[in-house]
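# Structure of the sequence below:
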Amino acid sequence: MQNDVRKITDIILQAAEKARKETSSAPEPELTRSVSWPMQCTVGPGLEGAIACESKVGYVNGSKGWLIYRGYDIFDLCAHSTFEEVSFLLVHGHLPTARELETFNAKLVSYRRLNKTLRRLMGFAVEQMNAMAVLRMGTLLMRQEFTYMDQEEGRPTTSDAISADEDSIPMETTPKGHKHAIYEFKNQVLRKGPQRKNPLQNTWGVEACYHLIAGVATITAATARVHQGNMPIEPDPNLSHAANFLYMMTGRKPTPVEERIMDIALILHADHGMNASTFASMVTASTLSDIYFSVGSGIAALNGPLHGGANEQVIYMLRKIGSPENVAAWTEKTLTKKKKISGFGHRVYNAYDPRARILGPVARFLTQASGDSATLFAIAQKLEKEVITRLGKEKNIFPNVDFYSGIVYSALGIAPEIFTPIFAVSRVSGWTARVLEYLQNNRIFRPRALYSGDFDKSYVPLNKRR
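Numbering: from 1, shown residues only. As a prediction, this is how the structure comes out:
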């Protein structure tokens with residue numbers, strides 16, 4: 001079994017070597033520097049191209065297929081690190097020492113136990129709710145159990161901020177930027193609440209980040225169990241984050257290979273630039289709400305089908321195709337009707353998604369002894385060749401992370417409805433890391449809209465309107 005685990009590392013290193021041969025080593029100079037405000041950029045619909053902030057958390061280079069966390073290449077992290085190390089790296093800015101990692105792991109072990117939160121959550125019809133709705137509610141119940149912020153004395157006021165509403169600044173003036181924060185949270189508990197020996201009373205601290213990184217996994221696993229008609233399972237303090245997650249979902253302790261592959265999948269999804277859910281989290285945080293509500297905003301954005309859920313659709317698509325022999329005809333029919341093929345293309349990448357470079361061969365390794373999953377992988381391989389042949393060179397359309405991640409999750413025994421919550425289980429590390437970073441020099445997000453409506457309309461009384 002350990003030989004198989006080593007083979008997975010070799011697969012990742014081979015994917016890294018191939019990727020580096022196909023791309024140059026120079027980053028984008030205009031997007032890899034400190035910001036000097038005000039700055040000029042070309043902005044498209046949906047804020048495309050807009051520069052919202054400066055960050056050291058992560059970097060995506062879509063033209064070259066790069067994904068960097070805190071200076072570390074995603075291939076190196078997947079080959080040599082763990083999700084626990086990567087989460088610590090994202091939140092704290094450096095890889096942990098042995099002692100720091102031991103302390104961090106102990107925190108995760110402690111915070112995985114959400115007995116009161118799960119009891120409250122089970123008071124709702126969880127088995128009838130979609131998994132993302134349960135996860136959204138679960139994070140709010142975590143906030144209620146572990147903080148006092150839902151109580152009246154925990155309600156934030158303007159006195160908790162260094163200054164008041166951003167709207168007090170005339171927005172018609174040209175933005176200049178400032179060296180120091182104008183609107184910051186105070187570096188302390190917002191207000192004295194009920195006396196509890198609970199480090200999570202500070203809903204902006206790293207403890208709250210740890211709590212969410214651990215707890216989102218527990219809630220997702222419990223939801224999977226209930227949807228299968230089973231009771232939630234207590235976490236095992238001796239298992240890693242990835243192994244615990246699989247164990248709490250399936251009721252079976254995973255093999256070292258399954259644990260390793262789940263760990264890689266979590267690392268790959270931990271951060272990805274200023275995507276919709278990350279931006280949603282940061283917008284909420286910039287108002288000086290708290291980290292739980294910020295993560296809740298990220299979950300809400302991830303729930304949208306244009307952001308999360310594509311890997312679930314890939315599985316349905318592959319099953320509909322049925323066999324590798326049907327791929328060519330299905331592809332021709334789909335492209336003729338100008339329909340989208342799930343799992344291909346990306347808003348950022350016009351090169352091969354580095355996450356798909358890793359998950360593709362990992363999926364091959366995982367599914368080689370599996371009946372249904374092996375068939376799905378064979379269909380996916382044939383479909384990838386068809387689409388790249390037709391669209392790859394002309395339109396730079398290649399598989400994205402969703403194309404193979406669903407196959408990996410299916411082979412691990414996970415139901416498709418849990419695929420998007422798994423995204424949140426991983427991305428909560430990136431959400432919390434970017435929120436903490438932004439709040440060090442916070443400015444409430446306040447873009448403007450160009451008004452294209454009418455002027456000088458006369459009010460018509462109700463009885464005279466047609």
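# Number of residues surrounding the closest residue to residue 41 other than its chain neighbours?
Leaving aside its sequence neighbours, residue 41 sits nearest to residue 51 (Cβ to Cβ, 6 or more residues apart in numbering; 5.1 Å). Any C-beta I mention is one placed from the backbone N, CA and C, and that applies to glycine too. Counted by other Cβ atoms under 10 Å, the residues lying close to residue 51 total 15.
# is it fair to say residue 51 lies in a helix?
No - counting by DSSP: H, G, I helix; E, B strand; the rest coil, residue 51 falls outside a helix, being coil.
# Just the pLDDT at it, thanks.
In this model, residue 51 is scored at 85, pLDDT.
# Pull the contacting residues for it.
Listed by Cβ atoms under 8 Å, 6 or more residues apart in numbering, the contact set of residue 51 reads 35, 39, 41.
# List the buried residues in the helix or strand bottoming out on mean pLDDT in the chain.
Least confident element among the helices and strands of the chain, by mean pLDDT, DSSP states H and E: helix 393-395 (a mean of 74). The neighbour-count check on helix 393-395 (16 or more other Cβ atoms under 10 Å) flags nothing as buried.
# next helix or strand past it?
helix 401-411 (DSSP states H and E).
# so how far is that next one from its chain's centroid?
From the chain centre to the centre of helix 401-411 is a distance of 16 Å (Cα atoms, centre = their mean, to the nearest Å).
# circling back: looking at the contacts of residue 51, spot the one nearest residue 88.
Nearest to residue 88 among these, counting by Cβ to Cβ, is residue 35 at 26.4 Å.
# Let me know whether that closest one touches residue 55 as I believe.
No - with contacts counted by Cβ atoms under 8 Å, residue 35 stays clear of residue 55, the gap being 9.8 Å.
# Show me the helices in the stretch 101-250 of the chain, by range?
Using DSSP state H, counting those that start in this stretch, the helices assigned to the stretch 101-250 of the chain run over residues 115-121, 131-146, 206-227, 241-250.
# by how many degrees do the third one and helix 241-250 diverge?
Right, the one you point to is helix 206-227. For helix 206-227 against helix 241-250, the angle by axes from the mean of the first three to the mean of the last three Cα atoms, to 10 degrees is 30 degrees.
# Among residue 35 and residue 55, which residue is more densely surrounded?
Using other Cβ under 10 Å as the criterion, residue 35 and residue 55 rank with residue 55 on top: 17 against 12.
# how close does the more buried one sit to residue 430?
Using Cβ to Cβ, to the nearest Å, one gets 10 Å for the distance from residue 55 to residue 430.
# that older thread, any chance of the helices of the stretch 101-250 of the chain in CSV, with mean neighbour count too?
As requested, these are arranged in CSV below (neighbours: other Cβ atoms under 10 Å):
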stretch, mean neighbour count
helix 115-121, 17
helix 131-146, 23
helix 206-227, 24
helix 241-250, 24
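# Put together a markdown table for those helices, with mean pLDDT and distance to residue 392 on each row.
Putting the helices of the stretch 101-250 of the chain into a markdown table (pLDDT from 0 to 100; distance: least, Cβ to Cβ, whole Å) gives the following:
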| stretch | mean pLDDT | distance to residue 392 |
| --- | --- | --- |
| helix 115-121 | 94 | 45 |
| helix 131-146 | 92 | 32 |
| helix 206-227 | 96 | 34 |
| helix 241-250 | 97 | 32 |
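# Of all those, which one is nearest residue 271?
helix 206-227 (12.5 Å).
# What angle do helix 131-146 and the closest one make with each other?
Using the same axes, to 10 degrees: helix 206-227 against helix 131-146 is 130 degrees.
# same for helix 206-227, what does it pack against?
Here helix 206-227 is seen to pack against helix 83-92, helix 98-111, helix 115-121, helix 131-146, helix 241-250, helix 291-302, helix 419-439 when contacts are counted using 3 or more Cβ pairs under 8 Å, 6 or more residues apart in numbering; DSSP states H and E.
# how does it look with 7 Å?
Applying 3 or more Cβ pairs under 7 Å, 6 or more residues apart in numbering; DSSP states H and E, one finds that helix 206-227 makes contact with helix 83-92, helix 98-111, helix 131-146, helix 241-250, helix 291-302, helix 419-439.
# returning to that earlier point: roughly how far apart are the residue nearest to residue 41 and residue 40?
Distance from residue 51 to residue 40, by Cβ to Cβ: 9 Å.
# Also residue 457?
Distance of residue 457 to residue 40, computed by Cβ to Cβ: 35 Å.
# Also residue 435?
Taken as Cβ to Cβ, the span from residue 435 to residue 40 is 27 Å.
# Which one's more surrounded, these two?
The residue with more neighbours, out of residue 435 and residue 40, is residue 435; 26 against 6, by other Cβ under 10 Å.
# quick one: the more buried one and residue 287 touch, right?
No - counting by Cβ atoms under 7 Å, residue 435 stays clear of residue 287, with 11.6 Å between them.
# For residue 316, give its distance to residue 414.
According to Cβ to Cβ, residue 316 stands 15 Å off from residue 414.
# And for residue 343?
Residue 343 is 17 Å from residue 414, by Cβ to Cβ.
# Of these two, give the one with the bigger neighbour count.
When neighbours are counted by other Cβ under 10 Å, residue 343 and residue 414 differ, and residue 343 comes out ahead with 28 against 20.
# What's the end-to-end length of stretch 405-424?
Start-to-end span of stretch 405-424 (Cα to Cα, to the nearest Å) is 14 Å.
# Just the buried residues of it, please?
Neighbour-count burial for stretch 405-424, counted by 16+ other Cβ under 10 Å, picks out 405-412, 414, 416, 418-424.
# do stretch 347-365 as well
348-349, 351-365.
# Which residues does it contact?
Identification of contacts with stretch 347-365 by Cβ atoms under 7 Å, 6 or more residues apart in numbering yields 7-8, 11-12, 15, 19, 60, 62-67, 74-75, 78, 261, 264, 268, 273, 346, 377, 396, 398-401, 403-405, 407-408.
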